[in-house]
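In: Below are the sequence and a predicted model; questions follow.
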Amino acid sequence: MSLHSLPASHFNLEKTLNSGQVFHWMPHNSGFAGTIGEKLAYLEQHGETLLFSGVDANSVTRYLALDHPIEQILDSFPGDTAMKRAAEYSAGIRIIRQPAWECLATFLTSAVKQVFQIRGISLTIRSRFGQRLRGGNLCAFAYPNPEILAAVRLEQLIECKLGFRAQNLLSTARIVAGGGIDLEALRILPTEEARQALVQLPGVGEKIANCVLLFAYERLDAIPIDVWIARMLSDVYFKGRGKISITEMKAFASMYFGVYAGYAQQYLFHHWRMTYRKKDDRSSPLSK
DNA sequence: ATCCAGGATAGCG
DNA sequence: CGCTATCATGGA
């Protein structure tokens, strides 16, 4: 497969693919092998040039969100110290545009799991139930569509180390495959209406719904509040105020971080998660 | 061995 | 609304 190229400024491929928003890309040669939708793709970055094969330039641009107004987004971030450090550490991360089902299903399996484990679960589900894609010396598996997962037995999902998440994934796959929700129709809905539709699905609460809204539906103001973001907010923006409720965190975050709050959240999440150690290690992002 | 992980949910006050 | 127990599994 021949390599094509695209200009890519303010972009970091490795950080984008390893920042906990997508979980299936595999290191290969000097880049990464994976899937964009149903197609096998290879991506490799050299400075401000992105090399790719297997898919067309348009789909790469859309998937990696190279068309986002990144300078405008960065300018919208608040100017406090924690945000500045996160913006520097996470520089180049894009909020990518994932296929809706793949994103929804993957985050359904993410509940109370480490990023490393979510990746393992994702790769296992792909290799057991997804279509095997080959090209040149590349190989990857597409994420199985709802119809495929709706037809598997619960025990097969439990074998993928899903634990209590298995029933949620199976039930949701059956609802989607049966037409109980139209994931593509959500694209034209206002964010709050789309959120209300998503949380009807078993295993999907507000946090996972916000992940799907942010990573698949281009709602860049959606803020998933997970344990890391909650800890970060408590340690930085609510410092010394004891225990803060999720409701209060939500209200503050959407107000303080603005229209690109989801982007700010992702930069903070990645920085916090990658640099946080135990307190007695004195190497938290604040003290460095 | 103990705590924790990109949570959701039902039950309770 | 806010708090708590429960869910299943493996990493740190």
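Out: Yep, that arrived.

In: in the stretch 51-200 of chain A, which spans are helices?
Out: A:57-63, A:70-76, A:81-89, A:100-108, A:115-129, A:146-150, A:154-158, A:165-177, A:191-198 (DSSP state H, counting those that start in this stretch).

In: tally of neighbours for A:Glu206?
Out: 15 (other C-beta atoms under 10 Å). (C-beta placed from N, C-alpha, C; glycine too.)

In: That one and A:Val212: what is the separation?
Out: 11 Å (C-beta to C-beta, to the nearest Å).

In: From DNA strand C, how far off is A:Val112?
Out: 5 Å (C-beta to the nearest atom of the strand, to the nearest Å).

In: Enumerate the residues of the stretch 1-150 of chain A near DNA strand B.
Out: A:Ser19, A:Gly20, A:Gln21, A:Ser110, A:Ala111, A:Val112, A:Lys113, A:Gln114, A:Val115, A:Phe116, A:Gln117, A:Ile118 (C-beta under 7 Å from any atom of the strand).

In: from memory A:Glu14 sits against A:Gln45, does it?
Out: Yes. The pair A:Glu14 / A:Gln45 is scored as a contact, 7.4 Å apart, by C-beta atoms under 8 Å.

In: Could you check which of those two has the larger neighbour count?
Out: A:Gln45 (19 against 15).

In: Kindly confirm my reading that the more buried one forms part of a strand.
Out: Yes. According to DSSP: H, G, I helix; E, B strand; the rest coil, A:Gln45 belongs to a strand.

In: ok, now which ones touch the nearest residue in space to it that is not next to it in sequence?
Out: Excluding the flanking residues, the one nearest A:Gln45 by C-beta to C-beta, 6 or more residues apart in numbering is A:Leu13, at 4.1 Å. Each residue near A:Leu13 by C-beta atoms under 8 Å, 6 or more residues apart in numbering is listed here: A:Gly31, A:Phe32, A:Leu43, A:Glu44, A:Gln45, A:Leu50, A:Leu64, A:Gly92.

In: ok, those residues vs A:Leu268, which is closest?
Out: A:Gly92 (15.0 Å; C-beta to C-beta).

In: Is the closest one in contact with A:Ser9, as I believe?
Out: No. In this structure, A:Gly92 is not within contact of A:Ser9 by C-beta under 8 Å, at 9.3 Å.

In: These two - which one has more neighbours?
Out: For A:Gly92 and A:Ser9, the more surrounded residue by other C-beta under 10 Å is A:Gly92, and the numbers stand at 16 against 11.

In: From DNA strand B, how far out is the more buried one?
Out: 15 Å.

In: If we ignore the residues flanking it in sequence, what's nearest that residue?
Out: Closest to A:Gly92 by C-beta to C-beta, 6+ apart is A:Asn12, at 2.5 Å.

In: Quick one: mean pLDDT over stretch A:135-155.
Out: Average pLDDT, stretch A:135-155: 97.

In: coming back round to it: which PyMOL command selects the buried ones in the residues of the stretch 1-150 of chain A next to DNA strand B?
Out: Command for PyMOL that selects the buried part of these, burial taken from 16 or more other C-beta atoms under 10 Å:
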select buried, chain A and resi 19+20+21+110+111+113+118
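
In: Would you reformat the residues of the stretch 1-150 of chain A next to DNA strand B as a markdown table and include distance to A:Ala253?
Out: As requested, those are exported to a markdown table (distance: C-beta to C-beta, whole Å):
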| residue | distance to A:Ala253 |
| --- | --- |
| A:Ser19 | 18 |
| A:Gly20 | 17 |
| A:Gln21 | 17 |
| A:Ser110 | 20 |
| A:Ala111 | 21 |
| A:Val112 | 21 |
| A:Lys113 | 23 |
| A:Gln114 | 23 |
| A:Val115 | 21 |
| A:Phe116 | 26 |
| A:Gln117 | 26 |
| A:Ile118 | 23 |
